[in-house]
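>>> model the structure of this input:
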Amino acid sequence: MRLAALGLRIYPWKEYEDFSHHTPAQRHAYILGRLESARRREWMWIVVVAGLGFFTDAYGIFSVNMVLPMMNIVYWNHSNWTASNSIRHDYEVALSIVTLGGVLIGQIAFGVAADVWGRSKMYGMELVILIFATVGLALASSGAENSMSAIALFLFWRGLLGIGLGGDYPLSAVICSEFAPSRLRGRLLATVFFCQSLGQLAAQLVALIAVAGFQHHIPTDPDVTTCTGNCIRSLDTIWRLLVGLGAVPAFIALWFRLTIIESPRYTAEVTNNSLQAAKDVSQFYQRVSLDNASVNSVEPPSPQPSGSFRLSPTQSADQQPNGPASAAPLAEQHGTSPLAIWKDFKLFLRQKDNFRKLAATSLCWFCLDLPFYGLGLISPRITRTIWFGSHLPRTSLYQLLFQTAYQSIVVVSSGAIVGNLLSILTIDKLGRRNIQLNGFFWLFLLNVVIGASFQRLVGTDDPSALVVLYILCQIFFNFGPNTTTYILPAELFPTRFRCTCHGIAAAFGKLGSILAQCFLAYVDFGNGRDYTNVPDWLGYALLCLSLFMLMGLLITYFFIPDVRDKDGRIKSLEELTDGMMPDAEFTQAAMNGYAVRGASPEMTQVDGDSITV
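Predicted coordinates for the structure are as follows:
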């Protein structure tokens, strides 16, 4: 069905079309058709706004690798920094766990909130928290004569920062997914996720430049083992600058996030206000395209499954002959309150396939984050070991800080960026499931190979083989499950619970990273092999973590569905979630916002009246 018969047109003076005289089914057709036919300059803005937030998230999480050695010297080891090239062990573990715990809380809290109160109302709030926490951390101090506990303040601000970081996961993924054309959805989500690697790289580059800029105030002689006076002030300035700059991209993205329209799919399907959704789409795409664009040639995504327009079986206000005046109140009365959401979600999970999908995506993310964050948040010590082997050279303080940033760029970020670019280029051709299978498979093999040969390779005079193998790991993390575990939960669940399910899956990942931090921090591999000497335990740790790569591979193979049909066409979100909502139970429980399964897209019954499309 073409939309030429509707006579809808977007005008260039930023006034949206009057959709009140069109039927709900026509509005749904217009909304989905307009989203599917969006041009590059129309959907690119969503990617930029979402990507800026994700860039900030990665910068905030991974900048801690650059900051901790400086904090250690400024607050705990300035009298003899060679006594420990890392922060006190218990402080290091606490800062990592508090940050990841905050991320976990933010993922669940904002995921649920976005399904209850809407995406646009939550989108931006997490950035407000992130900015506030970033500025607070950058200004934190131990006070005069150590009147304040520096570590307590750092823990508080890192935990709050984590909540803001976590909230961005479900919101950025779901908003990008719900605005993206089906044919490009995977590529756009992968592009947003690519900003994680860019944020990590930015943190390392800022640290590299800042350390080089303060070179004259930092000891460059290996024989100087103390840091006092100008050295302390310089390091204190560097780490605060490094942390504080993380608020800049968040400030840039904040205004655009606070003014973004509500997801049209959420407005039409959950609040059941297709009139407002159609107005939002019309106005938003006017504002972006800035030309006399016509939607007369827009077609709804084809082919569509029966009932994919997801009309409500009950009468909503925007379906009333007397107009849309009471649409919002009705939506608020039914189906969008926290209690109704919880009741509906329990009904949703009772369906075997729904629970299986949620469990599969959650466990895959859990298996991924165990090694990714377990090793990633202590990467300076690991990359230094991989770079130099077991024969660590004697270095000056300046060389230590400079090499920490430089080695992280080469060993970690280079591989991550290559992997992300491969994902962007191939994800809609190879498919999410195939990329995830491929990634888990190669990560399993690489972890086994590195773990089994680590003691031999690390003891050689030229450990370049270790560097290459570790870069390959970073490539297959990102050309693999690190990208796809972020994308799949944003596609496989219905609009009603999409943010909640994405938040739960992401939170399982962070649970895995917390367990990995505890495991690597306190486990004893025997014969005195513990965290104090990386070459002694890293090989054994990689062998243990390879089991989770194998587990992720098996879960993906047996339980993760493909998002393409048999012809290789990317399915729309409506097709992917068709049949996931148990109609009879949901109609009685929520009375709002669900599809009429089995209804013809040409003729739909609404409160006893026939509506012909």
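
>>> and stretch 153-169, what's its mean pLDDT?
Regarding stretch 153-169, the rounded mean pLDDT is 95.

>>> alpha carbons of it, as CSV, please.
This file holds the C-alpha atoms of stretch 153-169, laid out as CSV (Å, rounded to 0.1, in the frame of the first residue of the first chain):
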residue,chain,number,x,y,z
LEU,A,153,35.2,10.8,47.9
PHE,A,154,36.6,9.1,44.9
LEU,A,155,34.5,6.0,45.6
PHE,A,156,31.3,8.2,45.9
TRP,A,157,31.8,10.1,42.7
ARG,A,158,32.9,7.0,40.7
GLY,A,159,29.8,5.2,41.9
LEU,A,160,27.6,8.1,40.9
LEU,A,161,29.4,8.4,37.6
GLY,A,162,28.8,4.7,37.0
ILE,A,163,25.0,5.2,37.3
GLY,A,164,25.1,7.8,34.6
LEU,A,165,27.3,5.7,32.4
GLY,A,166,25.0,2.7,32.8
GLY,A,167,21.9,4.6,31.9
ASP,A,168,23.2,5.4,28.5
TYR,A,169,23.5,1.7,27.4
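
>>> so how far is that stretch off the chain centroid?
When C-alpha coordinates are averaged (CA atoms, centre = their mean, to the nearest Å), stretch 153-169 and its chain have centres 14 Å apart.

>>> ok, now how distant is the closest residue in space to residue 557 that isn't next to it in sequence from residue 197?
The shortest distance from residue 557 to any non-neighbouring residue, by CB to CB, 6 or more residues apart in numbering, is to residue 437 (6.2 Å). Every C-beta, even on glycine, is put in place using the N, C-alpha and C of the backbone. Note on residue 437: its distance to residue 197, by CB to CB, to the nearest Å, is 21 Å.

>>> for residue 392, same thing?
Noted for residue 392: a distance of 28 Å to residue 197, by CB to CB.

>>> so those two - more neighbours on which side?
residue 197 (28 against 13; other CB atoms under 10 Å).

>>> okay, and for the stretch 301-450 of the chain, where does confidence drop off?
301-337, 377-379 (pLDDT under 70).

>>> switch the cut-off to 50
Counting by pLDDT under 50, the stretch 301-450 of the chain has low-confidence residues at 301-335.

>>> mind listing the helices for it?
327-333, 338-350, 352-376, 379-388, 397-408, 414-430, 432-458 (DSSP state H, counting those that start in this stretch).

>>> for residue 173, which of those is the nearest?
Nearest to residue 173 among these is helix 352-376 (11.7 Å), distances taken as CB to CB.

>>> and residue 210, what does it touch?
Counting by CB atoms under 8 Å, 6 or more residues apart in numbering, residue 210 touches 238, 241-242.

>>> same thing with residue 434?
If you count contacts by CB under 8 Å, 6+ apart, then residue 434 has residue 562 around it.

>>> relative to residue 368, how far out is it?
In this structure, residue 434 and residue 368 are separated by 16 Å, where distance is defined by CB to CB.

>>> rewinding a little: secondary structure for the contacts of residue 210 - can I get that in TSV?
Formatted as TSV, the contacts of residue 210 follow (DSSP: H, G, I helix; E, B strand; the rest coil):
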residue	secondary structure
238	helix
241	helix
242	helix
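
>>> next up, the contacts around the residue sitting nearest the centre point of the chain.
Residue closest to the average C-alpha location in the chain (CA atoms, centre = their mean): residue 169, at 3.4 Å. Neighbouring residues of residue 169 by CB under 8 Å, 6+ apart: 57, 103, 106-107, 111, 486, 502-503, 506.
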